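[1] got a sequence here, can you model it:
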Amino acid sequence: MNSVEPAVVVDDVSMVYNVTSTGAEDEEQIPGVQRIMRRALGRPAIVKNQALTDVRLLIEQKEFVGFIGRNGSGKSTLMNIVAGQMNPTSGRVWAIDKPSKLGVSVSLVPALSGDRNIRLGCLAQGMSPQQVDEVFDELVEIAALGKALHWPMKAYSSGMAARLRFAVATATNPHVLILDEALSTGDAQFQARGQARMEEIRENAGCVMFVSHTMSEIKHMCSRVVWIDAGEVVMDGNTQDVVREYDEYMSMLAAGNLLSAQSFRDEHRAAHRAVELVDLNR
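    Sure, this is the predicted structure:
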């Protein structure tokens, strides 16, 4: 039996946001006296938004795990918590090393050129000048900026800036790399280079947590997929199986079969929760 080498452990993580709302339905959730006072003072209601609920995950070293789900399902919130960008309301996250989230762990300066930002970003991640020199040409190739390499970053399109951030974020072979729609802003050439770079990271005992709405990317790169909906894990397993069920769910929603879609999702969620309980009792 192979021993488990964890890279990231998400232990019963929940996240609740307090948000303001002017909706009548949300106001009805507030106790009577408080509701009357808020209306009298013209203040909006403060309601709780449950972004994540009791999420449990174990991601092993060398795994490439995809995260899928509708907009607002909680994927990016989970990535931000794992990256240390925000603290969960409850639960804990353990990681083998400080996770590198694209665009969060990299210090880039809009007024500086692309080549200077590559050097600055690498140095900010703890690389020595000699190490930067060794990988510089490779990073330039990954970023694929052409003559724009010498332009100030503030003149870049969103796609160019994303390619630059990706190149710098992956310069150090991070143990835990978090990518949230990182490859969707590039052309086919950049996507191929990015995929090859992520394969290198995985082979060097790292793990990749990859959020994408593009199922072709998910199926091509991930051996495991986590489907999140309404802040809960619905399925966690083999890529083909999870993507197939997710596509069926989205087809139901697109056809307007909302009750069938909800029942379909809830059945998968219950099955996943049953497996979790079995694992917890071992």
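[2] in the helix or strand hosting A162, what counts as buried?
    If you go by DSSP states H and E, A162 is part of helix 158-169. Residues of helix 158-169 classed as buried: 160-169 (neighbour count, 16 or more other CB atoms under 10 Å). Where you see a C-beta, it was placed from the backbone N, CA and C, and this is true even at glycine.
[3] can you give me the helices for the stretch 1-150 of the chain?
    24-27, 32-41, 75-82, 114-124, 129-143 (DSSP state H, counting those that start in this stretch).
[4] lowest mean pLDDT across those helices, which one is that?
    Lowest mean pLDDT within the helices of the stretch 1-150 of the chain: helix 24-27, at a mean of 49.
[5] can I get the helix holding A162 in CSV, CA atoms only?
    Extracted C-alpha coordinates of helix 158-169, given in CSV (Å, rounded to 0.1, in the frame of the first residue of the first chain):
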residue,chain,number,x,y,z
SER,A,158,-4.6,41.7,-19.2
GLY,A,159,-3.4,38.6,-21.1
MET,A,160,0.1,39.9,-21.3
ALA,A,161,0.2,40.7,-17.6
ALA,A,162,-1.2,37.3,-16.8
ARG,A,163,1.5,35.6,-18.8
LEU,A,164,4.2,37.6,-17.1
ARG,A,165,2.8,36.8,-13.6
PHE,A,166,2.5,33.1,-14.5
ALA,A,167,6.2,33.0,-15.6
VAL,A,168,7.4,34.7,-12.4
ALA,A,169,5.1,32.7,-10.1
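[6] any idea of the mean pLDDT for that helix?
    85.
[7] how far does whichever helix or strand comes after it sit from the chain's center?
    Counting by DSSP H and E, the next helix or strand C-terminal to helix 158-169 is strand 176-180. Between the centre of strand 176-180 and the centre of its chain there are 6 Å (CA atoms, centre = their mean, to the nearest Å).
[8] packing partners of strand 176-180?
    Packing contacts for strand 176-180, counted by 3 or more CB pairs under 8 Å, 6 or more residues apart in numbering; DSSP states H and E, involve helix 75-82, strand 100-101, helix 188-203, strand 207-211.
[9] pull the CA atoms of it into CSV?
    Output in CSV follows, covering the C-alpha atoms of strand 176-180 (Å, rounded to 0.1, in the frame of the first residue of the first chain):
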residue,chain,number,x,y,z
VAL,A,176,2.0,24.2,-3.9
LEU,A,177,0.9,26.2,-6.9
ILE,A,178,-2.6,27.7,-7.1
LEU,A,179,-3.9,28.8,-10.5
ASP,A,180,-7.3,30.5,-10.8
